[in-house]
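1. coords please:
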Amino acid sequence: MFIDPQAAQRLDWAKGDGLLPAVIQDADTLRVLMLGYMDEGALAMTCDSGKVTFFSRSKQRLWMKGESSENYLDVVRIEVDCDNDSLLVLARPQGPTCHRGTTSCFATAPGNFLAELDALVARRKAEMPEGSYTSKLFNKGTRHIAQKVGEEGVETALAAVAQGPEELAGEAADLLFHLTVLLRERGLGLADVEALLKARHADPGLLHD
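-> Modelled structure (predicted):
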């Protein structure tokens, strides 16, 4: 079930002559990918198939995103806005969303780069491309990656007390990258860490501030 049944029943199809705007957002990076329109049939097909389907105003028919390019949008969750006349669809793209071959139809749409990096590291682990530094780290195993994280942690701490802001940022970037690799090596991702931090933030007894 991708959409709350009660929320689905409240949808105001009449306001837009049977069509609702649907904003598609990357479930991981939160980058806005595109805008489309759904009628009741498109929403039903989206929920049944698990792939984003629109009502094409130009074709005057249901149109599954990726039906020709195979760059489908796999649905994660559908939210309804406060006026019950717009949809927010969280999805995972199987390729470029825009027909121009770009990630988003909005050229400068903001997103979470760390989530993009995490996804890239996950792909490197799955595909292990030859010549990739990340692949080399995975090939050397957990102990080696953990050692790299330790080294980068020390270098980050030293930069904080003995070097300038630019050097500290550089060492921190190295630390974050290697930590991301270590998490993926152990079957975790940055989202798992983020979820734990959110849980701690929601529990006053676990706050660190």
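2. if you skip the residues just before and after it, what's nearest to the most centrally placed residue in the chain?
-> The chain has D28 as the residue nearest its centroid, 1.4 Å off, counting by CA atoms, centre = their mean. In this structure, D28 finds its nearest non-sequential neighbour in A115, 4.7 Å apart by CB to CB, 6 or more residues apart in numbering. The way it works is simple: take the backbone N, C-alpha and C, and place the C-beta from them, glycine included.
3. and stretch 171-180, how far out from the chain's middle?
-> Distance of stretch 171-180 from the chain centroid (CA atoms, centre = their mean, to the nearest Å) equals 20 Å.
4. roughly how far apart are A119 and T103?
-> Summarising the geometry, the distance separating A119 from T103, computed by CB to CB, to the nearest Å, is 11 Å.
5. So which elements touch the longest helix seen in the chain?
-> For the chain, the longest helix by residue count, based on DSSP state H, is helix 133-162. Using 3 or more CB pairs under 8 Å, 6 or more residues apart in numbering; DSSP states H and E as the contact criterion, the secondary-structure elements in contact with helix 133-162 are helix 113-127, helix 165-185.
6. For V52, give me its contacts.
-> The contact partners of V52, taken as CB atoms under 8 Å, 6 or more residues apart in numbering, are A22, I24, G36, T46, M64, K65, Y72, L73, V75, V89, A91.
7. ok so the fourth one is a helix residue?
-> Yes. Read with DSSP: H, G, I helix; E, B strand; the rest coil, T46 is one of the residues of a helix.
8. count of neighbours near the closest residue to it other than its chain neighbours?
-> On the basis of CB to CB, 6+ apart, the spatially nearest residue to T46 that is not a chain neighbour turns out to be T53, at 4.7 Å. T53 has 27 neighbouring residues, counting by other CB atoms under 10 Å.
9. go on, L11?
-> Counted with other CB under 10 Å, the burial measure for L11 works out to 19 neighbours.
10. per-residue confidence for it?
-> We have a pLDDT of 98 for L11.
11. again with S69
-> Per-residue pLDDT puts S69 at 94.
12. please renumber so the chain begins at 40
-> Noted, 40 is the first residue going forward, which turns the last one into S108.
13. Dihedrals phi and psi, it?
-> According to degrees, to the nearest 10, the main-chain angles of S108 amount to phi -90, psi -20.
14. got a list of what it touches?
-> The neighbourhood of S108, defined by CB under 8 Å, 6+ apart, consists of G134, H138.
15. how close does it get to A130?
-> In terms of CB to CB, S108 sits 15 Å off from A130.
16. which residues sit in contact with D78?
-> Under the criterion of CB under 8 Å, 6+ apart, the contact partners of D78 comprise W52, G57, L58, L59, F94.
17. In space, what's closest to it - neighbours in sequence excluded?
-> Of all residues beyond its chain neighbours, the one nearest D78 is F94 (4.3 Å), with distances taken as CB to CB, 6+ apart.
18. ok so that neighbour is a strand residue?
-> Yes. The assignment for F94, made by three-state DSSP, places it in a strand.
19. how close does it get to G226?
-> Distance of F94 to G226, given as CB to CB: 40 Å.
20. and if you look at G80?
-> Noted for G80: a distance of 40 Å to G226, by CB to CB.
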